[in-house]
Structure formats: structure tokens, C-alpha cells
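> Sharing a model that was predicted from the sequence below.
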Amino acid sequence: MDKILRIDMGAAGGPKMKVEDLGQYAGLGGRALTSAMIAAEVEPTANPLGAENKLVIAPGLLSGTVAAMSGRISVGCKSPLTGGIKEANSGGQAAQVLAKLGYAAIVLEGLAPEGKLYKILINKDGVKIEPADEYKMLPNYDLIDKIKGVYGDKVTCMSIGPAGEMKLSASSIAITDMEFRPTRHAGRGGVGAVMGAKGVKVIIMDDAGLKNREPKDPEKFREANKKWVEGLRSHAVTGQALPAYGTNVLVNIINESGGFPTRNFKTGQFEGASAISGETFADIETKRGGNPTHGCHRGCVIQCSGTYVDKNGKFVSKQPEYETTWAHGANCGIDDPDTIAMLDFLDDNYGLDTIDMGAAIGIAMEAGIIKFGDKEGAINLIKEIGKGTYLGKIIGSGAAIAAKVFGVERAPVVKGQAMPAYDPRAIQGIGVTYATSTMGADHTAGYCIATNILKCGGFVDPLKSEGQIELSRNLQIATAAIDSTGMCLFIAFAILDQPETFQALVDMLNAFYGLSLDADGVAALGKKVLSAERDFNKKAGFTAAHDRLPRYFYTDKLPPHNKVFEVTDKELDSVFNW
């Protein structure tokens, strides 16, 4: 991982590529690299869909190695959804393959001529950029079927669906899993629209004939990785709950806490929660011949990604994630697993962020476009996006745009991005993260649920404002560092509770790179990433006024606890004081 592949999609005579050394970006990976490059090379006031924006794709520092859980990839740009810096994180095979190919980053620059569409092929022999007119407006599953017929199913793809080609601001980038299905997505922030603006339909990567990256100290690396795996497998969340029920294990837990947003964040509990819980999904999958336990990339030991099939045992979609199940379930008043799985499939097929789609449909329901609980209506709204209708483009642009068009005041968004599946009035810590994250409303930026609800790494009362600033601050710093390693965020549960497991991660980094990193060094990396992102957003026009929740979260009490968000503006402004 000692080189950067730059491709100018708007070069005279067609796309031009060059390979260069890491230079000033040496020692960086994942989010640290994407954010550093965007901060250094993109004009903060640039149009996100213009030639000045760049799309940076970077595996983590440990991707392409035998380190367990190291297969996450970062996609960075200026976001067409938020107007600020963006890092969208995903599983799938891309990080492992791209790292083995030796690239620390792919950088898409410039702007393809209108109507031009390309595919990029990368293997051990080099890079080819070819026209891809035959793939225009193909949904992701159809696209992958065509690619399979030409290149086989051992390659890895990053692609956009029709939503990305239409440059819709809630469009995603699909990444194939171990079964060569486009089920994993860099979903948030409209990164698919930026890839569409660059005129790239698909990046095809082939690591055939290549070996895993080798550490500088193989013996110490193997020993650290062994302790790492033991720690993950021994923890109740990463070793038991997530493998058995997937991320959807949270449905009953968050519903019981009163923080499960229902019908566009009107209440904190959903009467149909048990029907869409992780336990119910796992039972359905097992009885139908699916599988509730599955890994999304090579080297995954948590295995939280299941396989959902229909009543005839035919594949429908990956097991819907917790956020997807909430967004298309409780938030829309829908309690049918088959409907939620179909909506998940459609989002993946057209290339859309499931969170912003569920939030946008919830807003459409509140506006009276369809009724809460209308299963067929919700499916048809997503299909409208695939058709490219005006209504579809409104929904496909995300919750913030939908609320403006439909005249709905109650839009659960921060910096233009929809809130995920936790109400900040019942879980105050996540509200701090939503408000202050550089990414817009984003649970993964500082996952306070771990401590507020699951009591990992201690306990901070979710209904009180005390302690939430420090909790969110520390988790945002840690997350920025984790996102730079290529590690899955779910490792956080184990490292919060097990100091020896955190040390094993540090030991792996040190053994691989010949470093002497300690806990303070990890924190320093996280702070460096966040500082670069904050600086970019400030130059893009963001102020303290953007680090706030929508007003109604401060005024409208949420049943059943009848709480409002209580963290003060002054406290929110202190999050990044370190």
C-alpha cells in the first residue's frame, strides 16, 4: 500500500491516470487518508458535483493483512448531501483487495463529459479505463450479473446504481461481498452522486495471484492477532449477540429503552418492535433456509451479516441492518420483515442510503403522500426512484429535501443528513454526536449507545445531560482512529471493556509498521482527523449554529419518558475543546 492511483476523468481526449508515491500522506489510511486528501486538495466552497471535488477511496492501515476485522473501506469527498466533508465507511471485499493490489487510495478527479460512462479495471498487471455505455442506468444486481458473465465472480466491484447516475444526494456506492453480491454500501452523504458525476459506473478489482500484505515483525503480529480474535470472541456483544442476531439484536433493546424512533420520531417505542426484532429475523431466516450468521468480508470473525430469503428459500437481500430495519420499519409504522427486506434490496439495487430513504418515506407519510404503515406504498416510492420520476428524485434526494418539498417541519436531520435509529431525547449522548459530528447526523461517528444503553466501558445515564459531552468527545476521537485502521466499528464493544484487547490492536499496528504507538498516539491520530474535518467544514461555511439538533427536539417531549434534549448549546460548543 505504497502508491496512490489518480484518475482525471475530465482530461482532454478521455480519462488519464497516473500512479504516484504517498508523499505527504505517508502513514495514513482509511478515514485519516480520505479526510486529509479532501482537506488538502478540495476547495471547501466547491460544488460537490463539480470538477473541483474529488472522490477518494482508501483501505485502512491493516486492510489486506490477516488481521481479523480489517476489511472496512473509506470513501471521502465533499458531500452533496451535507455540503461538508464526508467519509462513508463500508464492509465488503474492496478494502482487502485494493490493499493487496498495493494502493493506499484511488482518487477520482475532474468531471466526465456529459453522457460519458466508464469502468475501471485494476489487477496485478495495471489499470484499464474503458467506456461502459452498456451499463447505463443498470441497477446494481443487474450490473453485477453482467460483470460476472465477463470477468467471473472472483473479482470485487464498487459500483453505482441509477440513483448515483442521476446524481441524487442520498445515493450510495455498492461493494460486493464474499458471494459477489452488491450488498455492502458506502451509504451516507451522497458519495454515489459524486462517483456518478465523475462518470464512473464501476471499479472492478482483481487480486488474483497476489498475497496478503506482510508485517515487519511477523511473529509479534501473529501473537497480537491471536489475542485480538480471542478478545472479540469472548465478549458478549461481539462473540455472542451480533453473530446470533446481527445488528438487529438492538431492536428490542432500544425499544425497551424508549429511544426507538417511531412514525417520524413521534414516540420512542413501536408496538410492532418484536415482529421486526433480530430474534424474529433470525428465526425466519433459519426456518426458510437462510442464515442469520454471515461475514461481509474475508477475515470477519463477528459475522453479523445474515442472509434473508423468501418463503421459497430464494435470496432476497442481506439480513437488514438495525438502522435499515428501523428506518423502513418503526419509522414508517411497518412491522413486516418481508417488506423491510424488499425495501433493503431495492435500496441496494438502485444504490441508496437506507437511513435517508426510511427517513424520507417517513416524511412523505407525515405529509400525507401515503399513510404510515402502507407497505406497498413504501415499496412503490422506492421504485419511483428507479424509474427516475420527479417524485422518485425528491425521495432519492434524502429526508431534508423531501421535507422542504412536502412542507414538513419535523425533519430529523442535522447538516442535511437524516438521523439514524436512536432518538436523542431518550439517549442524550447520541444527540451530542448527531449535533456535533463533522459528518451530519451519524451514529457511527461517536456511538454513545455503547455506554448509554449497553453499558460497555462504563455507564452514563441516557436520560440525563451530565457526562454526555465527554462521552461523545472521547468516542468521536476513538472512532476517527478506528476508521483509519480498516477495522470494523463493532470492535469498539470489546475494546471498551477489555484493555488487553485494545492493546492487541495497538500491538498489531506496531508489529506491522515497526512503530511504538501507544494509547495516546491513537488518540492523537483521532484528534488529527477530526481537526482536519472541522477546519474544512469551517471554511465551507459551517458555524456553531450548524452543531445543533432541529428545534423540536428541544421542545417536543418524547413518550414514554416525556423528555426533551437537555444538553445546552454552550456544552455542545465545548465538544472539540481538547
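Thanks, I have the structure now.

> residues in contact with the nearest residue to residue 488 once chain neighbours are set aside?
Leaving aside its sequence neighbours, residue 488 sits nearest to residue 69 (CB to CB, 6 or more residues apart in numbering; 4.6 Å). (Glycine included, C-beta is placed from N, CA and C.) Going by CB atoms under 8 Å, 6 or more residues apart in numbering, residue 69 touches 232, 299, 300, 301, 302, 487, 488, 490, 491.

> With residue 352 instead?
By CB under 8 Å, 6+ apart, residue 352 lies in contact with 161, 163, 168, 170, 171, 172, 187, 192, 346, 382, 385, 396.

> Distance-wise, check it relative to residue 249.
Distance of residue 352 to residue 249, given as CB to CB, to the nearest Å: 24 Å.

> Just the local confidence number for residue 294, please.
As summarised for this prediction, residue 294 has a pLDDT of 87.

> Write down the beta-bridge partners of it, one by one.
On the basis of DSSP bridges, residue 294 is bridged to residue 304.

> hang on, it packs against residue 319?
Yes. Here residue 294 reaches residue 319: they are 7.3 Å apart, a contact under CB atoms under 8 Å.

> The two: which has the busier surroundings?
Just comparing residue 294 and residue 319: by other CB atoms under 10 Å the higher neighbour count belongs to residue 319, 30 against 21.

> Phi, psi for that one please.
In terms of degrees, to the nearest 10, the main-chain angles of residue 319 are phi -60, psi 120.

> With residue 160 instead?
Here is the backbone geometry of residue 160 (degrees, to the nearest 10): phi -120, psi 150.

> Just the local confidence number for the residue nearest to the spatial centre of the chain, please.
The centre of the chain sits closest to residue 89, judged by CA atoms, centre = their mean, with a distance of 4.1 Å. Looking at residue 89, its pLDDT is 96.

> Convert the host helix or strand of it to PDB, retaining C-alpha atoms only.
Counting by DSSP states H and E, the element that carries residue 89 is strand 85-90. Extracted C-alpha coordinates of strand 85-90, given in PDB (Å, rounded to 0.1, in the frame of the first residue of the first chain):
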ATOM      1  CA  ILE A  85     -16.600  16.800   4.400                       C
ATOM      2  CA  LYS A  86     -17.700  13.200   4.200                       C
ATOM      3  CA  GLU A  87     -16.300   9.800   5.000                       C
ATOM      4  CA  ALA A  88     -18.600   6.900   4.200                       C
ATOM      5  CA  ASN A  89     -17.500   3.600   5.600                       C
ATOM      6  CA  SER A  90     -18.300   0.200   4.300                       C
END
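
> who does it touch, helix- and strand-wise?
In terms of contacts (3 or more CB pairs under 8 Å, 6 or more residues apart in numbering; DSSP states H and E), strand 85-90 is packed against helix 30-41, strand 73-78, strand 173-175, strand 184-186, helix 519-539.

> what's the closest of those to residue 201?
For these, the distance to residue 201 is smallest for strand 173-175, at 10.9 Å, taking CB to CB.

> Not counting its own residues, what contacts that closest one?
73, 75, 88, 90-94, 140, 156-161, 164, 182-186, 191-192, 195, 348, 351.

> at 6 Å instead, please
Strand 173-175 is contacted from outside by 75, 90, 92, 94, 140, 158-160, 182, 184-186, 191-192, 195, 351, using CB atoms under 6 Å, 6 or more residues apart in numbering.

> What count of nearby residues applies to the closest residue to residue 10 other than its chain neighbours?
Of all residues not flanking residue 10 in the chain, residue 110 sits nearest, at 3.0 Å (CB to CB, 6+ apart). Neighbour count for residue 110, taken as other CB under 10 Å: 21.

> any idea how far residue 110 lies from residue 117?
According to CB to CB, residue 110 and residue 117 sit 15 Å apart.

> ditto for residue 290
Computed as CB to CB, the residue 290 to residue 117 distance reads 35 Å.

> Which parts of the stretch 1-150 of the chain are strands?
3-8, 16-21, 55-59, 73-78, 85-90, 103-109, 118-123, 126-131 (DSSP state E, counting those that start in this stretch).

> And these: which comes nearest residue 411?
Closest of the strands of the stretch 1-150 of the chain to residue 411 is strand 85-90, at 19.4 Å (criterion: CB to CB).

> Next SSE downstream of the helix or strand hosting residue 326?
For residue 326, the host element (DSSP H and E) is helix 322-328. Next in sequence after helix 322-328, counting helices and strands by DSSP H and E, comes helix 337-350.

> Toward the C-terminus, what is the element adjacent to that next one?
Next helix or strand after helix 337-350 toward the C-terminus (DSSP H and E): helix 354-366.

> residues of that next one that come out buried?
Counting neighbours by 16 or more other CB atoms under 10 Å, one finds that the buried residues in helix 354-366 are 354-366.

> Would you mind checking the average pLDDT for that helix?
The model assigns helix 354-366 a mean pLDDT of 98.

> packing partners for it?
On a contact count with 3 or more CB pairs under 6 Å, 6 or more residues apart in numbering; DSSP states H and E, helix 354-366 meets helix 322-328, helix 399-406, strand 417-418.

> Specify the angle between it and helix 337-350 in degrees.
Between the axes of helix 354-366 and helix 337-350, defined by axes from the mean of the first three to the mean of the last three CA atoms, to 10 degrees, the angle is 120 degrees.

> Tell me which of the helices and strands packed on strand 85-90 sits most buried.
Neighbour counts (mean count of other CB atoms under 10 Å) averaged over each of the helices and strands packed on strand 85-90 peak at strand 173-175, with a mean of 32.

> who touches the strand holding residue 89?
The contact list for strand 85-90, computed with CB under 6 Å, 6+ apart, reads 31, 34-35, 38, 72-77, 79, 175, 184-186, 188-189, 191, 438, 483, 533, 536-537.

> partners of that strand, with directions?
Strand pairing for strand 85-90, using DSSP bridges, gives strand 73-78 (antiparallel).

> and the angle for the partner strand with strand 103-109?
For strand 73-78 against strand 103-109, the angle by the same axes, to 10 degrees is 30 degrees.

> Just the mean pLDDT for strand 73-78, thanks.
pLDDT averaged over strand 73-78 gives 98.

> Start at 655, not 1
Sure thing, new numbering starts at 655, so read that last one as strand 727-732.

> if we can go back for a sec, now the helices and strands packed on strand 739-744 in CSV, with distance to residue 1152?
Shown next, in CSV, are the helices and strands packed on strand 739-744 (distance: least, CB to CB, whole Å):
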stretch, distance to residue 1152
helix 684-695, 23
strand 727-732, 25
strand 827-829, 30
strand 838-840, 27
helix 1173-1193, 14
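
> Residue 800 is nearest to which of these?
In terms of CB to CB, the element of these nearest to residue 800 is strand 827-829, at 13.9 Å.

> Just the pLDDT for residue 1076.
With respect to pLDDT, residue 1076 scores 98.

> isn't there a helix covering it?
No. Residue 1076 is assigned coil when assessed by DSSP: H, G, I helix; E, B strand; the rest coil, not a helix.

> Is it correct that it is in contact with residue 1083?
No. Contact criterion CB atoms under 6 Å: residue 1076 and residue 1083 do not qualify, at 9.2 Å.

> follow-up on the earlier one: shared neighbours, residue 948 and residue 973?
Common neighbours of residue 948 and residue 973 (CB under 6 Å, 6+ apart) are residue 960.

> so whatever helix or strand residue 934 lives in versus helix 991-1004, what angle?
Counting by DSSP H and E, the element that carries residue 934 is helix 932-942. Helix 932-942 and helix 991-1004 meet at an angle of 90 degrees, taking the same axes, to 10 degrees as the criterion.

> List the buried residues of helix 932-942.
For helix 932-942, the neighbour count (16+ other CB under 10 Å) marks 932, 934, 935, 936, 938, 939, 942 as buried.

> In a markdown table, list these along with pLDDT.
Shown next, in a markdown table, are the buried residues of helix 932-942 (pLDDT from 0 to 100):
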| residue | pLDDT |
| --- | --- |
| 932 | 94 |
| 934 | 96 |
| 935 | 95 |
| 936 | 95 |
| 938 | 96 |
| 939 | 95 |
| 942 | 96 |
